[in-house]
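> Structural data only, the sequence is not supplied:
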């Protein structure tokens with residue numbers, strides 16, 4: 001299992017008139033956290049993986065809202081990868097507010113896709129060499 005924490009400050013544009021984060025912005029928080037987690041555990045950026053001919057689009061996303069996130073809060077987004085990726089990569093998320101209260105739980109499932117054929121494929125060998133040390 002690999003866990004990585006990312007801090008995200010809620011910007012004014014992400015909130016409604018009550019200062020509450022609009023639900024659509026959570027996908028951006030997951031992406032920010034997932035990208036940092038990905039680089040930390042694999043030693044690769046999305047850009048370098050795409051240069052190797054592999055893309056990683058989202059297949060599925062779920063989200064459960066437990067408490068609101070508010071304007072100017074610094075959120076902690078915890079990314080959790082519980083299993084070694086195959087053609088798919090599942091990432092779970094927990095978001096905590098500044099009081100360390102769990103406010104959101106979510107998951108995304110991504111698929112490794114060949115950049116040319118746009119068909120599912122296995123992750124790059126260099127990615128798997130780095131990631132396998134955590135599982």
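Looks like it arrived, so ask away. The structure displayed is predicted, hence computed values, not measured ones.

> just checking, next helix/strand downstream of the longest helix along the chain?
As assigned by DSSP state H, the longest helix anywhere in the chain is helix 26-42. Sequence order places helix 46-51 as the next helix or strand after helix 26-42, per DSSP states H and E.

> Show the contacting residues for the residue positioned nearest the centre of the chain.
Geometric centre of the chain, nearest residue: residue 34, 2.5 Å, by CA atoms, centre = their mean. Neighbouring residues of residue 34 by CB atoms under 8 Å, 6 or more residues apart in numbering: 79, 91, 93, 108. Heads up, the C-betas are built off the backbone N, CA and C, glycines and all.

> please redo it, this time with the cut-off set to 7 Å
By CB atoms under 7 Å, 6 or more residues apart in numbering, the residues touching residue 34 are 79, 91, 108.

> Now do the SS call for residue 116.
At residue 116, secondary structure determined by DSSP: H, G, I helix; E, B strand; the rest coil is coil.

> circling back: of the contacts of residue 34, which belong to strands?
Using DSSP state E, 79, 91, 108 are the members of those that sit in strands.

> Considering the residues you listed, which is situated nearest to residue 65?
residue 108 (15.7 Å; CB to CB).
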